[in-house]
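*Asks:* what's the 3D shape of this:
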Amino acid sequence: MDENSSGAVFPGQGAQRPGMGQDFCSVIPESRRTYEEAADALGWDVAELCFAGDERLNLTEYTQPCILTTEIAMLRGLAARWDFRPSCFGGHSLGEWTALVAAGALPFADALRIVQERGRLMQRAVAPGVGAMTAVIAEDLDPEIIENLLGDLTVDIANVNSSRQIVLSGEASAVAAAESRLGGSLADRPSLRFTRLNVSAPFHSRLMGPILTNFFGVLGDLNVQLDPVAAGRVTSNYRGGFHSGSGEEVREALILQISHTVRWRQNMAALAERAAKILEIGPGRLLKNFFQTIGVECFSVTTFASAERAFAAEAKRQNSQSKERFDGFQSER
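*Replies:* Okay, the predicted model is just below:
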């Protein structure tokens, strides 16, 4: 592995915040043009919704294109200002769509229209209040053990985020029952706790199943031109490793991702094998701590100021390595 190789990862829904990306937009022209592109593709002012604290920012059909736009705007800004060119990409849930755009596997405008419809379908799949999601947090969590404990409950493992966090998703009453059941069976685990997620639907569960056919139609209607070769630089939430195979296989994985487990722990391991450095890019810092659980350092860029700090630190590191190599050469002489 090249010691200077880098990977970029993108958080998904839940990372949104009012004002996200505004600092990049005001400083870097490439970032500002990204918001303009998004407005042209969607027919509404994405920048205004992101920057003005509009309540629609937390409605899934708006949240998803807004996060995608902001993350691509930030990535383009990093490329323009610091020549950041990652060799591989990953994204958590919605973030996988950002990763595909970043890798050149999917046109930005197509991705925007897809995720807006994706968000609309996911929002309408289950009536408000019917579903719930909860994060199980403890040491040494084993997905197989948890799945066996869930038994016949209408609850699925939505995310395997790390050895310390697994997210459950399903019917609200069943999620409550799962918390009670796991609380008893895993009572001996250090720091065991449950954190309910503030979400509008039970994402990545069987309850999303009814929308898969409609979402397949969305991909067909938009005549999406996926580049499977470029997609091979992106990790698949559904499969665990990097995308491979034909465009149809990539489409299948993206469709099934909606109702199946996000295998983020496997995604992190795959990325760590290809990239010496990992940079999280997005309006919220959701992935950094997950990488720490596998012993991989991940820098988070959530603002323009944090980007300046991250790239200043990287320049200092590279200068130090160059000096060490020079000193070593001199001593050999």
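*Asks:* Helices along the stretch 201-333 of the chain, start to end?
*Replies:* Secondary structure of the stretch 201-333 of the chain (DSSP state H, counting those that start in this stretch): helices at 212-221, 228-231, 247-257, 264-274, 288-292, 304-332.
*Asks:* Closest to the centroid, which residue in the protein?
*Replies:* By C-alpha atoms, centre = their mean, the chain has its centre lying nearest to residue 92, at 2.4 Å.
*Asks:* So what's the predicted local confidence for residue 330?
*Replies:* Per-residue confidence at residue 330 stands at 49 (pLDDT).
*Asks:* ok, now the one 3 residues further on?
*Replies:* Each residue has a pLDDT score; the one for residue 333 is 52.
*Asks:* Next: residue 318.
*Replies:* For residue 318, pLDDT reads 67.
*Asks:* Show residues contacting the one helix or strand residue 50 maps to.
*Replies:* Assigned by DSSP states H and E, residue 50 belongs to helix 46-51. For helix 46-51, contacts defined as C-beta atoms under 8 Å, 6 or more residues apart in numbering pick out 18-22, 25, 35-36, 38-39, 54, 56-57, 62, 65-66, 69-70. Every C-beta, even on glycine, is put in place using the N, C-alpha and C of the backbone.
*Asks:* List buried residues within the residues you listed.
*Replies:* 20-22, 25, 35, 38-39, 57, 62, 65-66, 69-70 (16 or more other C-beta atoms under 10 Å).
*Asks:* By mean pLDDT, which helix or strand of this structure comes out lowest?
*Replies:* Confidence across the helices and strands of the chain bottoms out at helix 304-332, with a mean of 69, counting by mean pLDDT, DSSP states H and E.
*Asks:* if we can go back for a sec, spatially, which two of the buried ones among the contacts of helix 46-51 are the most separated?
*Replies:* The distance between the two most remote of those (C-beta to C-beta) is 17.6 Å, for 25 and 62.
*Asks:* what are the ranges of the helices in the stretch 51-200 of the chain?
*Replies:* Using DSSP H, counting those that start in this stretch, helices in the stretch 51-200 of the chain cover 60-82, 95-102, 108-124, 143-150, 172-185.
*Asks:* quick revisit: check contacts around the residue nearest to the centre of the chain.
*Replies:* 9-12, 159, 161, 237, 262, 264, 267, 286-287.
*Asks:* if we go to 6 Å?
*Replies:* With contact set as C-beta atoms under 6 Å, 6 or more residues apart in numbering, residue 92 has these partners: 11-12, 264.
*Asks:* Over to residue 286?
*Replies:* Here residue 286 is in contact with 11, 15 (criterion: C-beta under 6 Å, 6+ apart).
*Asks:* what about it, distance to residue 131?
*Replies:* Residue 286 sits 21 Å away from residue 131, going by C-beta to C-beta, to the nearest Å.
*Asks:* which of the helices of the stretch 51-200 of the chain is buried the deepest?
*Replies:* Sort the helices of the stretch 51-200 of the chain by mean neighbour count, taking mean count of other C-beta atoms under 10 Å, and helix 95-102 sits at the top with a mean of 28.
*Asks:* Which strands or helices does that one pack on?
*Replies:* Counting contacts by 3 or more C-beta pairs under 6 Å, 6 or more residues apart in numbering; DSSP states H and E, helix 95-102 packs against strand 6-10, helix 60-82, strand 88-91, helix 108-124.
*Asks:* Try it again at 10 Å.
*Replies:* Where contact means 3 or more C-beta pairs under 10 Å, 6 or more residues apart in numbering; DSSP states H and E, helix 95-102 is packed against strand 6-10, helix 60-82, strand 88-91, helix 108-124, helix 228-231, helix 247-257, helix 264-274, strand 277-281.
*Asks:* low pLDDT regions in this protein?
*Replies:* Applying pLDDT under 70 to the chain flags the ranges 1, 318-333.
*Asks:* what domains does the record give for it?
*Replies:* 6-125+206-302, 131-196 (automatic domain parsing).
*Asks:* if we can go back for a sec, tabulate the contacts of residue 92 (TSV), appending distance to residue 146 and neighbour count.
*Replies:* TSV is the format used below for the contacts of residue 92 (distance: C-beta to C-beta, whole Å; neighbours: other C-beta atoms under 10 Å):
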residue	distance to residue 146	neighbour count
11	23	26
12	21	28
264	15	27
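*Asks:* Closest one to residue 168 out of those residues, please.
*Replies:* Looking across the contacts of residue 92 and measuring by C-beta to C-beta, the closest to residue 168 is residue 264, at 14.5 Å.
*Asks:* Next, work out how far apart the closest one and residue 166 are.
*Replies:* In terms of C-beta to C-beta, residue 264 sits 10 Å off from residue 166.
*Asks:* quick one: common contacting residues for these two?
*Replies:* 159-160 (C-beta atoms under 10 Å, 6 or more residues apart in numbering).
*Asks:* Switch the domains of the chain over to a markdown table; also include distance to residue 317.
*Replies:* As requested, the domains of the chain are exported to a markdown table (distance: least, C-beta to C-beta, whole Å):
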| stretch | distance to residue 317 |
| --- | --- |
| domain 6-125+206-302 | 9 |
| domain 131-196 | 26 |
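*Asks:* so which of those comes closest to residue 311?
*Replies:* domain 6-125+206-302 (4.6 Å).
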